[in-house]
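Make a model of this:
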Amino acid sequence: MVTSWPRNFPALGTGANDFAERIEKLSNGRMRINVHGAGELVPALEVFDAVAGGTAEMGHSASYYWRGKTLASQFFTAVPFGMTTTETNAWLYHGGGQELWDEVYAKHNLKPFPVGNTGTQMAGWFKKEIHSLDDMQGLKLRLPGLAGQAMNGIGVTTVNMPGGEIFTSLQTGVLDAADWVGPYNDLAFGLHQVADYYYTSVWNEPSAILEGTVNLDAWNALPDDLKDVVHEAARASNLAMISEFAYRNAQALDTLVNEHGVQLRTFPDDVMTALFESSREAIQAQVESDPDSARVYASYQDFQRLVRPFTDVSEYAYLKGRDAVGG
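Have a look, this model is predicted:
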């Protein structure tokens, strides 16, 4: 298994390890996976090609890195202003999302799985404070996927780079700002040392799926019982990572704010409004240009319309009610 993460990197790298260990345990040792960190066998952003071509049998990464390979892949990591983690998992497991993902990736000789999710991600680290939309103009920002395209639409210049390059790029001025993941992973990279303002205005990745991929030829060669092992290991690792992030992010946020004095900020209203409109335009342009994207997003959108009313009267209503009484 090749990954896009540094070896043993918190939650992401260890999540790949967890997936591999579960497969070995559930298969009673019939399948053993050797996990390689970013750059050990292939560069971080070449996992897709390595697994598709058979250089490695498996991969662990994030699908929005593969925009240049298949546009529709971006919907299987994160959609700006899209569904929550719970809603996204429901779409994948019960709403036809997995079947569409299988169809899109089969064209590239890959079998995909959700193998982890970071949950809600922060809007990113900025070296200067943002007071209005004017302050966003010309900023150089690390942000991949559909959210990156939306940022481009409001005057920001976005780049995609592996997480391991973010610290130095902020430190040297190659970047003015960067999205990575959330408090746990951001603290591990020391991003608070090179940017003063941490923006919590979640819009870009309300849920962020981590993908496991298997070379389709290797997958088809497996007996059915081992295919079931991989399926169940992926489901278990998905839940395990979601739970770990909820716990570790809470700890890390406390450390960032109370021990390192990190300043939390939210984007002004004009920035959020512009990002919403730009996100819609970026998605619409992609849907109009790519049939796979059109099919995937239609399914995603239909499921979001279905699930949103219940989310509103359940989790959202509960959180508002808890706040109202000071809980």
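
measure the nearest residue to residue 142 once chain neighbours are set aside to residue 229 for me?
Leaving aside its sequence neighbours, residue 142 sits nearest to residue 178 (CB to CB, 6 or more residues apart in numbering; 3.9 Å). Every residue, glycine included, has its C-beta placed from N, CA and C. Look at residue 178 and residue 229: by CB to CB, to the nearest Å, they are 38 Å apart.

Residue 29 now?
Taking CB to CB as the measure, residue 29 falls 11 Å from residue 229.

Measure how buried residue 315 is and give me the count.
Applying other CB atoms under 10 Å, we find 13 other residues in the vicinity of residue 315.

For residue 178 and residue 229, indicate the residue with more neighbours.
The neighbour comparison of residue 178 against residue 229 (other CB under 10 Å) goes to residue 178, with 28 against 21.

and that one, what pLDDT?
Per-residue pLDDT puts residue 178 at 98.

And for residue 252?
At residue 252, pLDDT is 98.

host element of residue 264?
strand 263-265 (DSSP states H and E).

Work out the gap between whichever helix or strand comes after that strand and the centre of the chain.
For strand 263-265, the succeeding helix or strand toward the C-terminus, using DSSP H and E, is helix 269-289. On the basis of CA atoms, centre = their mean, to the nearest Å, helix 269-289 is displaced by 19 Å from the centre of the chain it belongs to.

What are the boundaries of the strands in this structure?
For the chain, the strands defined by DSSP state E occupy 2-3, 58-61, 110-117, 124-126, 140-142, 157-159, 177-178, 197-199, 209-215, 263-265.

Residues touching the fourth one, excluding its own?
What it means is strand 124-126. 139, 141-143, 170, 176-180, 186, 191-192, 194-199, 204, 265 (CB atoms under 8 Å, 6 or more residues apart in numbering).

Who are the contact partners of the residue nearest the centre of the chain?
With distances taken as CA atoms, centre = their mean, residue 208 lies nearest the centre of the chain, 3.1 Å away. With contact taken as CB under 8 Å, 6+ apart, residue 208 is in contact with 62, 77-78, 117-119, 121, 181.

from those, which is closest to residue 323?
Using CB to CB, residue 119 is the member of the contacts of residue 208 that sits closest to residue 323, with 19.7 Å.

Burial check on that closest one, number of neighbours?
Neighbour count for residue 119, taken as other CB under 10 Å: 22.

Make sure residue 150 is actually in contact with residue 81.
No - applying CB atoms under 8 Å as the test, residue 150 and residue 81 come out as separate, 9.1 Å apart.

Quickly list what's touching both of those two.
residue 279.

Those two: who's more crowded?
Neighbour count, other CB under 10 Å: between residue 150 and residue 81, residue 150 has more, with 26 against 18.

Got the confidence number for the more buried one?
Here the pLDDT value assigned to residue 150 is 98.

Can you name the residues that contact it?
Counting by CB under 8 Å, 6+ apart, residue 150 touches 80, 204, 275, 278-279, 281-282.

Between those, which sits nearest residue 269?
Closest approach between the contacts of residue 150 and residue 269, by CB to CB: residue 275, at 10.7 Å.

That closest one against residue 123, yeah?
No - look at residue 275 against residue 123 with CB under 8 Å: they stay out of range, at 9.2 Å.
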